[in-house]
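>>> curious how this folds, go ahead:
(one chain, ligands or ions: 1)
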Amino acid sequence: MAPADTKSLPIPWPDDAEIKVYTGGCHCKKIRYEFEHPDIYATQVMNCNCSICEDRGYLAVYTPEDKFRFTSGSDDDMAHYEFGARNVGHRFCKVCGTSIGPAFQKRGMVIVNTRTIDGVDLDRLKLHKVDRRSV
Ligand SMILES: [Zn+2]
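Sure thing, here's the model as predicted:
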């Protein structure tokens with residue numbers, strides 16, 4: 001699967017965006033990651049009310065899969081959960097249960113739960129509310 005184009009992500013990256021490197025991970029620090037993304041306070045963050053996003057507390061940003069890497073731990077250190085059409089593999093730390101994010105494997109992108117980014121200021125995020133509960 002080729003990495004997703006930054007223009008085809010659910011929240012497309014602006015053309016002139018300065019790309020930053022963000023780090024984060026789970027509570028017990030077994031899983032650590034870094035990924036590239038435009039300023040998360042300048043772009044929108046997906047706040048969806050579907051059953052999985054609400055239960056897991058996702059506030060999501062999207063990056064092509066080749067712009068995300070683990071710096072500690074790996075995919076094998078996470079539990080995987082799928083449901084419904086099984087298009088999305090939801091990942092969480094097997095030890096502490098932190099919901100780092102799911103991966104849209106079939107679409108070449110990684111979804112990162114911004115709550116797990118180091119030092120994130122949730123009050124500064126521009127939330128893009130999407131109503132998927134009623135569809
Ligand atoms: Zn953990």
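
>>> lowest-pLDDT helix or strand in this structure?
strand 101-104 (a mean of 73; mean pLDDT, DSSP states H and E).

>>> and Q44, what is it in contact with?
11, 126-128 (CB atoms under 8 Å, 6 or more residues apart in numbering). All C-beta spots, glycine's among them, are computed from the backbone N, C-alpha and C.

>>> between these, which sits nearest C50?
When those are compared for distance to C50 (CB to CB), H128 wins out at 13.8 Å.

>>> how near is the residue lying closest to the closest one once chain neighbours are set aside to the ion?
Distances taken as CB to CB, 6 or more residues apart in numbering place Q44 nearest to H128, at 3.9 Å, with adjacent residues excluded. Plainly put, Q44 is 28 Å away from the ion if you go by CB to the ion, to the nearest Å.

>>> hmm, back to that, name the helices or strands packed onto the least confident helix or strand of the chain?
In terms of contacts (3 or more CB pairs under 8 Å, 6 or more residues apart in numbering; DSSP states H and E), strand 101-104 is packed against strand 89-93, strand 109-113.

>>> what would those look like in CSV with mean neighbour count?
Formatted as CSV, the entries for the helices and strands packed on strand 101-104 read as follows, by neighbours: other CB atoms under 10 Å:
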stretch, mean neighbour count
strand 89-93, 20
strand 109-113, 24
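
>>> go through the ones you listed and name the closest to P64.
With respect to P64, and counting by CB to CB, the nearest of those is strand 109-113 at 5.8 Å.

>>> and the contacts of the closest one?
Identification of contacts with strand 109-113 by CB under 8 Å, 6+ apart yields 3-4, 9, 22, 24, 33, 35, 37, 56-65, 67-68, 88, 99-104.

>>> can you rerun that using 6 Å?
Outside of strand 109-113, the residues that reach it under the criterion CB atoms under 6 Å, 6 or more residues apart in numbering are 4, 58, 60-65, 68, 99-103.

>>> let's have those residues in TSV, adding distance to H80, secondary structure and neighbour count.
Supplementary listing: those in TSV, determined by distance: CB to CB, whole Å; DSSP: H, G, I helix; E, B strand; the rest coil; neighbours: other CB atoms under 10 Å:
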residue	distance to H80	secondary structure	neighbour count
A4	20	coil	20
Y58	16	coil	23
A60	17	strand	21
V61	20	strand	26
Y62	19	strand	26
T63	19	strand	23
P64	20	strand	21
E65	16	helix	18
F68	16	strand	21
S99	12	coil	20
I100	12	coil	26
G101	12	strand	27
P102	9	strand	25
A103	9	strand	21
